[in-house]
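**Q** Give me a 3D structure for the following:
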Amino acid sequence: MSLSLLPPAVWQSLRFDWLWVYRGCPPVVETWSAQEITVPAGWFYVEEGLVKIQADGREMVVKPGQSFFTAPGTRRQWFAKGTKLTSVGFRCEWPGGAPVFKTGLNAVLSPTKSAALLAATQTLFREVHGRKSVVTYREGTAAVPRGVADWCRHEAAFREWFSVYVQTLEKMGVTPENSSAEDRRLDSMLKALSEWPLDEPLKLGQLTAGMKLSERRVHDLLRSRLGMTAQVWMERRRLEVARQRLAGEDTALKEIAFALGFKHPPHFTAWFKRHTGMTPTGFRDAGGVSGA
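**A** Numbers count the residues shown, from 1 in each chain. All right, here's what the predicted structure looks like:
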């Protein structure tokens, strides 16, 4: 099971923060940053001017029409006078703090290969900043109060942009971080957890048979990379299945309860309400929409 194909409960556990979208001149030009600066993940397109980046022991030049995929970490940078950028910055991390994308970034891409992402960024800029044609870095990163409708609209626009960003990474051969032996073991554990029958108690010893991992090590791996224990992961999976079945089926509540491992329907009702704030019947009557 690749880390690019995980159940929704895992993706929903990510730390996902949008930091900025701006179109304008960088704050400092014609001078190298005095030392390596810490930067989040991001992407920028050079409309005018020239950008030099020093990272990973090499220097990269980004010319007009080219774009740059920033790896989270440290770098030095230099901007020519008159440089104009379109830029997006964000954080996308596993619960333990490790970046979801890093290896293969700090890369320059040609205009033709980044055309779709540039178009998506222009759409995002208009959605967030309206009719403005220029927004400086400082303006783009400023904390601006928003109403709930604007927040939802901007969040949806960023997610749409991120989808195009990930598709572009896939064409570049960049995939979610999954390089270590522990990552491969995590893959195996998640596959086993996603296939474990929901109506049976979780038995870690049986789940990890052949993996040469103690139950304690299983907990440590899941906590460090996903921020949760195996039991919590299973609870999220159980809740996800409960919501899907209640919203999409007319199956009797007691049958769903039994399939999810509850011997008594009232126990299922109490558990579901504790997690969602609604009873299973209320959730179904509301068309599968809850407040949690």
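**Q** what about the nearest residue to S133 once chain neighbours are set aside, is that helix, strand or coil?
**A** Setting aside the residues directly before and after it, S133 is nearest to R23 in space (CB to CB, 6 or more residues apart in numbering), at 7.3 Å. Bear in mind the C-beta positions are built from the backbone N, C-alpha and C, glycine included. Of the three states, R23 takes strand under DSSP: H, G, I helix; E, B strand; the rest coil.
**Q** give me every residue that touches R23.
**A** 47, 84-87, 125, 133-135 (CB atoms under 8 Å, 6 or more residues apart in numbering).
**Q** what do you get if the cut-off is 6 Å, keeping everything else the same?
**A** Residues near R23 by CB atoms under 6 Å, 6 or more residues apart in numbering: 86, 125, 135.
**Q** Inside helices: which ones of these?
**A** Taking DSSP state H, the ones among the contacts of R23 that sit in helices are F125.
**Q** burial count for V100?
**A** 21 (other CB atoms under 10 Å).
**Q** gap between the nearest residue to it once chain neighbours are set aside and K63?
**A** Leaving aside its sequence neighbours, V100 sits nearest to C92 (CB to CB, 6+ apart; 4.7 Å). According to CB to CB, to the nearest Å, C92 and K63 sit 27 Å apart.
**Q** Pick out whichever of the two has more residues nearby.
**A** Set side by side, C92 and K63 show more neighbours around C92, with 19 against 12, by other CB under 10 Å.
**Q** That one belongs to a helix, doesn't it?
**A** No. Counting by three-state DSSP, C92 is not found in a helix; it is strand.
**Q** Provide the partner residues of it in its beta bridges.
**A** F16 (DSSP bridges).
**Q** surely it meets A98?
**A** No. The criterion here is CB atoms under 6 Å, and C92 misses it with A98 at 10.4 Å.
**Q** Out of the contacts of R23, which end up buried?
**A** 86, 125, 135 (16 or more other CB atoms under 10 Å).
**Q** next one: phi and psi at P176?
**A** phi -60, psi 150 (degrees, to the nearest 10).
**Q** before we move on, back to that, any idea how far the residue nearest to S133 is from P265?
**A** Distance from R23 to P265, by CB to CB: 56 Å.
**Q** Which residue, other than its chain neighbours, is closest to M228?
**A** L222 (6.1 Å).
**Q** which SSE is the one you found in?
**A** helix 215-226 (DSSP states H and E).
**Q** do W20 as well
**A** strand 15-24.
**Q** List the buried residues of whichever helix or strand comes after that strand.
**A** Using DSSP H and E, the helix or strand that follows strand 15-24 towards the C-terminus is strand 37-39. Buried positions in strand 37-39, judged by neighbour count with 16+ other CB under 10 Å: V39.
**Q** now strand 37-39: mean pLDDT?
**A** Model confidence over strand 37-39, given as mean pLDDT, is 86.
**Q** Packing partners of the next helix or strand after it?
**A** Following strand 37-39 in sequence order, the next helix or strand is strand 41-48 (DSSP H and E). Packing partners of strand 41-48 (3 or more CB pairs under 6 Å, 6 or more residues apart in numbering; DSSP states H and E): strand 67-70, strand 84-93.
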